[in-house]
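Chemist: take this sequence and fold it.
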Amino acid sequence: AGAAFLYAGKSACGSVPRFVVSMTMHVRRDVLEDALNDILPLFPHLAVKISGNGAEYRLEHDCSRVPVSQADTSDAGEKGKICGDGRLFAVSCGRKSIFFDVHSSLLDERGMAAFAKAVAFRYIQLYGLPVANDGSVRAVSDGGSLNVSTEDPLELVRDIPASRPVWYMDAKAFSIPSSESESCFVTQVRIPVGRLRAPAREYAGTPVTFISPLVSHAVYEEFGEEMSPGEYVVAAVTVNLRQHFPTLSLRPFCTSVNLAYNRRLGDYPFNTILMSQKKFLEAQLKPDALAYNVQCRIASMEEVMDAGDAEARMRRSDEVLAHKAAASTYMIRDAGMVSMPESLSRYITEFYPVYAPDLHDFTLSSVIFRNEIVLTVAQKRGRSLGRRIVELMNANGVISHVSDEFEFIPGSYRKP
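Modeler: Numbering: from 1, shown residues only. Purely as a prediction, here's the structure:
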């Protein structure tokens, strides 16, 4: 699933998202390293390294011990590159936080959450504190009985009957002017699910329905004067395919659908806007429509792999990713609802992903943890969008607040 990102040139940086787990205690690096290496056999497809030269790259099996580094937390993010030794993920810690930087070819949002939770659970076990598994955590005790497939789940959808629906989502997307900044500015927003008011409360099961139009309106306010006639603010929303095409695989299994913002706040009642977003979303979540979406992705990946040597694949990869980026204005990555045993939850204070801008200059990531939506807004230019999104949410019945702001230099993967 990560073929395009593995060969990406300019876009490689953002293909290494981060998951953050903050605890009530300071993290001991030696105990964390033992916990990580105990858990890795439950995620066997992570045991690879990329090798080769300019003519060709390949993945090789590698079960050697993985070290844990000390993170530089002076600016809330480790400044550095990951995968310098060919490994496609890195784990680091600093003070009370654990940082998981994992290449997109290995784990998607749901996979990263499962991996982070499993390592945190094992850490508490090795630290010697009482913790019990309720079945929601992949644990060492599962051993060989854990039936896990490491095959590429996209193969499941390759031959499913598919049809191209007629979508309004084909609307031309406005592209936010790009920035060459290495760092990004992150605003963390918290939305208590229990405090949602009507009409947003009716869409609590699919929060992207009320999040995307409010975010899109903030983007429209910021850049509306730069938009050309016929352009729309379009959100690319990731969809976890496991609920539509069941699989035991732990490898990436998601795609993205587009939500165009065509009815603006103030011109229509907020509930009318939400209903239109819901219909746009439902039209793209039908099995034949999703299958068509995924089969197009597979075709694009095969174009990359058939392009020739590594240099040709890099050029084709950047073309594919640029075409994908042009179809939307920004991206929302959703890690879904995270459940964990109460005995583990008592030791964890924060649990959230950060998908830094890569294909777009503006990216959001979300997770529902302890009945609260944690939304991270990452942008390369300016600092105003995150706070404006919160203002729009509170004005439309989505009670929220800014809980943190920091600058972040995302990890990037280096080819050998």
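Chemist: ok, for residue 397, nearest residue in space, not its chain neighbours?
Modeler: Excluding its sequence neighbours, the residue lying closest to residue 397 (CB to CB, 6 or more residues apart in numbering) is residue 197, at 3.4 Å. Heads up, the C-betas are built off the backbone N, CA and C, glycines and all.
Chemist: who are the neighbours in contact with that neighbour?
Modeler: 397, 398, 399 (CB atoms under 8 Å, 6 or more residues apart in numbering).
Chemist: please tell me how far it sits from residue 270.
Modeler: Distance, residue 197 to residue 270, using CB to CB, to the nearest Å: 11 Å.
Chemist: list buried residues within the contacts of residue 197.
Modeler: Neighbour-count burial (16 or more other CB atoms under 10 Å) is assigned, among the contacts of residue 197, to 397, 398, 399.
Chemist: before we move on, the earlier item: quick check: phi and psi at the residue nearest to residue 397.
Modeler: Residue 197 adopts backbone torsions of phi -110, psi 160, taken as degrees, to the nearest 10.
Chemist: likewise the one 3 residues further on?
Modeler: Note on residue 200: backbone dihedrals following degrees, to the nearest 10 are phi -60, psi -30.
Chemist: what do you get for residue 201?
Modeler: The phi/psi pair for residue 201 (degrees, to the nearest 10) is phi -60, psi -30.
Chemist: burial of it, as a residue count?
Modeler: 14 (other CB atoms under 10 Å).
Chemist: just residue 190 next, same as before
Modeler: Other residues lying near residue 190 total 17 when counted by other CB under 10 Å.
Chemist: ok, what's across the strand from it?
Modeler: Counting by DSSP bridges, residue 190 is bridged to residue 374, residue 401.
Chemist: that one against residue 398, yeah?
Modeler: No - using CB atoms under 8 Å, residue 190 is not in contact with residue 398, being 11.2 Å away.
Chemist: need the contact list for residue 278.
Modeler: With contacts defined as CB under 8 Å, 6+ apart, the neighbours of residue 278 are 203, 206, 209.
Chemist: for the second one, give its distance to residue 108.
Modeler: Spatial separation of residue 206 from residue 108 under the definition CB to CB is 18 Å.
Chemist: again with residue 324
Modeler: Distance from residue 324 to residue 108, by CB to CB: 16 Å.
Chemist: same thing with residue 71?
Modeler: 23 Å.
Chemist: which phi and psi does residue 61 have?
Modeler: Here is the backbone geometry of residue 61 (degrees, to the nearest 10): phi -70, psi 140.
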